[in-house]
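# Dropping the sequence and predicted coords here.
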Amino acid sequence: MKTNSALCLSLLAGLTGLNGCFHQGSSIDGTGGSGGDPFPPTSGDGGSICSGNTAGAGGAVSPGFPGGMAAFGFAPPQYGSTITREVSPPPISGGTLLVLHDGHTAFAADPDRDRFSVVDLMARTMKASVALNPGDEPGRAVEDASGRVHLALRRGGAVVTVQGPTWAVTDRQPVCAAPRGLAYDAKQDRIHVACAGGELVSLAAAGGPPVRTLKLDSDLRDVVVSGDQLLVTRFRSAQVLTVDASGTVTQRLTPPKFASEEARGGQTFSAAVAWRTVAVPGGGYAMVHQRGLVDEVPAQNGGYGSFDPCGAIVQTAVMVATAGAMPKSVPAIPGMVLPVDIAISPDGKRVAVIAAGNATNASSPGGAPALPRVFAADITDVSDPTVGCRSDGTHGPCQQNIFNGAGTGGAGSGGATGGAMAASGGAGGETSNVDAGAGAPSIPAMGATSTSPVPAPSPPDVCQTGGGNHVGELPNPIGQPIAVAYDADGKVLVQTREPATLSLASGAVIVLSNDSREDTGHTIFHSNAGASIACASCHAEGAEDGRTWDFACEGARRTQSLSSGISGTEPFHWNGDMKTFPVLMENVFVGRMSGPELAPEQVTAALHWIDHQPLVPVAAPADPAAVARGRLLFNDKSVGCASCHNGDKFTNNMTADVGTDGTFQVPSLLNVAARAPYMHDGCAPTLTDRFGPCGGGDHHGLTSPLGAAQIADLVAYLQTL
């Protein structure tokens with residue numbers, strides 16, 4: 001390992017209020033680009049960082065920053081007055097906006113308010129606003145050849161059909177417990193529905209019960225029709241399944257691992273959390289997904305994020321591929337936290353991505369958002385395998401590394417002299433493919449429109465313009481973006497959840513609802529803490545990302561699920577080292593994630609929101625008799641499962657040694673079927689594997705006397721929890 005040159009930053013005292021000597025550039029090989037992170041993501045030569053600010057001999061560590069990144073004035077999240085809803089809003093899932101075939105009508109589902117809206121983009125007026133059942137949580141929508149719109153109800157377990165001009169619901173068809181993605185197959189005139197439980201359901205577009213139901217892998221997300229094949233994604237693994245006309249899975253592909261000196265000094269990342277996958281006109285598909293760090297994660301202050309938007313342990317990427325082709329490595333898109341949706345222009349040449357996590361980051365309380373929330377570029381640029389991570393306006397939005405005052409990335413990346421100020425419409429101008437984030441208008445009444453400033457082009461020496469002149473392509477959204485689409489003219493429109501609006505590239509803002517769903521806990525959970533990472537980056541949709549991380553001095557640790565609520569399960573973390581939720585937030589959110597200090601009422605609001613998220617609906621068991629037998633085994637004292645996994649959450653909240661090389665917290669088993677892999681180190685890919693060699697043997701329940709059929713019964717029962 002090469003040694004970096006040290007840079008004494010005492011002159012930063014006026015900016016930060018702190019003095020100290022820190023390493024400049026990458027801690028991997030010392031070759032950091034023009035925007036290298038002055039705080040290394042790992043220790044220097046001589047040892048790993050285990051806790052606090054301690055390093056091995058010769059190692060440099062990020063210091064503990066009181067108030068996290070807010071101490072540096074670098075667009076920390078701003079939360080305002082604390083608001084807690086009795087009925088908590090759902091986590092952000094994204095992808096709730098559809099532009100119909102006419103190119104000028106928008107269909108926007110609203111999972112926060114259980115309704116959908118239809119908007120005339122030409123007249124800028126609301127055509128309809130229709131309420132659904134409480135708790136339906138509408139998600140993806142698709143239009144068929146007859147102009148009917150089919151809408152998946154994520155918690156309603158059904159697909160509803162609506163059609164203009166009245167836009168009333170004409171059909172409600174149960175499909176599965178947790179429908180997610182939709183696609184229209186014009187050749188068969190069918191709607192294909194991907195379900196979180198692993199079902200792939202096909203419906204006749206004209207209505208009626210399912211014509212085919214396949215049982216595939218669990219955690220299905222989106223569907224893309226490709227000739228006679230269906231491409232079906234899995235959410236947490238970002239895997240793409242190819243399903244042929246007979247219903248057989250013929251291929252499983254995962255985006256490749258990624259490493260570049262332009263991103264966290266060359267450390268390795270692997271794919272996870274496929275937020276949205278869409279078809280590309282002319283063939284192929286595009287997936288916006290996250291990538292997580294494979295190399296060691298420092299469990300220290302600042303260890304999860306970075307002042308360099310290319311340096312966090314979670315990245316954003318857009319994979320573009322054709323059916324059956326092995327995906328290629330693609331660049332990281334810097335600083336786009338929670339990329340919950342993607343859109344492709346009608347000509348297939350441009351791509352737009354949103355960052356739901358950047359909506360609350362501002363340089364001062366009440367200020368305009370200062371980080372990019374919408375980014376558009378040529379599809380060839382975001383999928384260029386020769387690029388690592390560049391804030392040049394072409395391969396990523398212009399952002400500033402606060403210590404270098406320039407765009408991040410390797411040499412030749414075209415740094416932005418305007419930096420973060422450009423992202424907020426300040427000095428340095430604005431790129432034509434990054435939203436301005438300033439000058440938001442006040443909110444008029446529902447259905448009314450107002451006009452906000454739209455981005456202006458930057459001078460060529462400020463930031464690259466990204467594949468040509470695209471002035472007026474992007475809107476300036478005034479809230480938290482949850483969905484993005486292109487209209488027939490190649491202009492981007494963005495849906496926001498709070499306030500509920502539709503922002504057009506012309507500057508028009510159409511209010512979809514005046515019913516506020518603002519909730520401080522929801523906001524904290526989904527906000528960029530300040531160093532390009534949010535709670536929801538790892539705990540996607542309020543649960544977890546399916547990853548096993550390599551923590552310094554701890555080893556492999558599987559992301560723990562939050563989906564069953566966490567109050568009453570203290571202490572936290574696998575080792576039980578975080579005694580209370582305030583301690584957890586101080587150490588992780590404020591410390592490792594570089595977030596601001598939170599007031600006690602804000603911490604309480606965050607806990608309330610986590611505790612009030614409903615479980616993912618579970619499908620009815622295929623074999624109730626097997627479930628009944630499994631329940632008896634689970635509660636059999638000679639087997640011993642229920643001795644630790646008991647109570648409402650199926651945990652006794654204790655730490656225990658179950659033969660897996662340590663003492664760990666007993667996890668809740670609620671929704672356990674939805675969170676493979678299993679064990680603290682993710683060693684068991686399936687529930688059945690948990691009863692194999694890595695599960696601790698008879699130290700972890702006396703299961704060796706059980707035969708394969710009895711294990712199958714136990715698994716059948718666990719899948720119903």
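It's in.
# any idea how far the nearest residue to residue 571 once chain neighbours are set aside is from residue 572?
Excluding the flanking residues, the one nearest residue 571 by CB to CB, 6 or more residues apart in numbering is residue 579, at 4.8 Å. (C-beta placed from N, C-alpha, C; glycine too.) Separation of residue 579 from residue 572 (CB to CB, to the nearest Å): 8 Å.
# my read: residue 470 touches residue 350, true?
Yes - with contact defined as CB atoms under 8 Å, residue 470 reaches residue 350; the gap is 7.4 Å.
# what do these two both touch?
Shared between the contact lists of residue 470 and residue 350 (criterion: CB atoms under 8 Å, 6 or more residues apart in numbering) are residues residue 376.
# Retrieve the pLDDT associated with the residue positioned nearest the centre of the chain.
Geometric centre of the chain, nearest residue: residue 338, 4.2 Å, by CA atoms, centre = their mean. Predicted confidence (pLDDT) for residue 338: 97.
# That one contacts residue 357, doesn't it?
Yes - Residue 338 is within contact range of residue 357, at 3.7 Å (criterion: CB under 8 Å).
# tell me, what's touching these two both at once?
In contact with both residue 338 and residue 357: 526, 528, 534, 536, 537, using CB under 8 Å, 6+ apart.
# A helix includes residue 715, no?
Yes - secondary structure of residue 715 (DSSP: H, G, I helix; E, B strand; the rest coil): part of a helix.
# which residues of the stretch 101-250 of the chain fall in helices?
Using DSSP state H, counting those that start in this stretch, no helices are found in the stretch 101-250 of the chain.
# Next, work out how far apart residue 209 and residue 194 are.
Between residue 209 and residue 194 the computed distance is 18 Å (CB to CB).
# the more surrounded of these two?
residue 194 (31 against 11; other CB atoms under 10 Å).
# Give me the pLDDT for the more buried one.
Residue 194 is given a pLDDT of 98.
# mind checking how far it is from residue 282?
As judged by CB to CB, residue 194 and residue 282 stand 23 Å apart.
# likewise residue 352?
When distance is defined by CB to CB, residue 352 is 17 Å away from residue 282.
# Looking at the two, which has the bigger crowd around it?
residue 352 (24 against 10).
# Wait, that one touches residue 483, no?
No - contact criterion CB under 8 Å: residue 352 and residue 483 do not qualify, at 10.6 Å.
# Which residue, other than its chain neighbours, is closest to residue 145?
That would be residue 186: by CB to CB, 6+ apart, it lies 5.8 Å from residue 145.
# er, residue 247 actually
Closest to residue 247 by CB to CB, 6+ apart is residue 214, at 4.8 Å.
# Is that neighbour in contact with residue 194, as I believe?
No - using CB under 8 Å, residue 214 is not in contact with residue 194, being 10.1 Å away.
# residues shared between the contacts of the two?
residue 200.
# In this structure residue 180 contacts residue 139, no?
Yes - Residue 180 lies in contact with residue 139 (CB under 8 Å); the separation is 6.7 Å.
# what about the helices in the stretch 601-721 of the chain?
Using DSSP H, counting those that start in this stretch, helices in the stretch 601-721 of the chain cover 624-635, 641-644, 687-690, 708-718.
# between these, which gets nearest to residue 588?
helix 641-644 (25.5 Å; CB to CB).
# Who are the packing partners of that closest one?
helix 624-635 (3 or more CB pairs under 8 Å, 6 or more residues apart in numbering; DSSP states H and E).
# Using CSV, list the CA coordinates for the helix it packs on.
What follows is helix 624-635, C-alpha atoms only, in CSV (Å, rounded to 0.1, in the frame of the first residue of the first chain):
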residue,chain,number,x,y,z
PRO,A,624,-51.4,-25.2,5.0
ALA,A,625,-50.8,-28.7,6.4
ALA,A,626,-47.1,-28.3,6.1
VAL,A,627,-47.4,-25.0,7.9
ALA,A,628,-49.3,-26.6,10.7
ARG,A,629,-46.7,-29.3,11.1
GLY,A,630,-43.9,-26.7,11.1
ARG,A,631,-45.7,-24.7,13.8
LEU,A,632,-45.7,-27.7,16.1
LEU,A,633,-42.0,-28.3,15.5
PHE,A,634,-41.2,-24.6,16.1
ASN,A,635,-43.0,-24.7,19.5
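# Buried residues in that helix, which are they?
Neighbour-count burial for helix 624-635, counted by 16 or more other CB atoms under 10 Å, picks out 626, 627, 629, 630, 631, 633, 634.
# Start and end of stretch 201-213, how far apart?
This stretch, stretch 201-213, spans 4 Å end to end (CA to CA, to the nearest Å).
# average pLDDT across that stretch?
Averaging pLDDT along stretch 201-213 gives 96.
# Can you tell me what sits against that stretch?
Residues from elsewhere that reach stretch 201-213 (CB under 8 Å, 6+ apart): 144-146, 148, 150, 159, 161, 170-171, 173, 175-176, 179, 184-185, 188-193, 195, 199-200, 214, 247.
# what residues do residue 180 and residue 139 have in common as contacts?
Residues touching both residue 180 and residue 139 (CB under 8 Å, 6+ apart): 152, 154.
# what's the average pLDDT for the biggest strand by length in the chain?
Scanning the chain for the strand with the most residues, using DSSP state E, yields strand 263-279. Averaging pLDDT along strand 263-279 gives 96.
# Show me what that strand is packed against.
strand 220-226, strand 229-234, strand 258-260, strand 285-293, strand 314-321, strand 342-344.
# May I have the strands that pair with it, each with its orientation?
strand 258-260 (antiparallel), strand 285-293 (antiparallel) (DSSP bridges).
# how about the ones you listed, which one is nearest residue 131?
Per CB to CB, nearest to residue 131 of the strands paired with strand 263-279: strand 285-293, 30.1 Å.
# Name all residues that make contact with residue 520.
79, 80, 81, 82, 83, 84, 602, 605, 606, 609.
# close enough to count as contact, residue 488 and residue 102?
Yes - with contact defined as CB under 8 Å, residue 488 counts as touching residue 102 (7.4 Å).
# For residue 205, give its distance to residue 143.
On the measure of CB to CB, residue 205 and residue 143 end up 10 Å apart.
# any common contacting residues for those two?
With CB under 8 Å, 6+ apart as the test, residue 205 and residue 143 both reach 150, 184.
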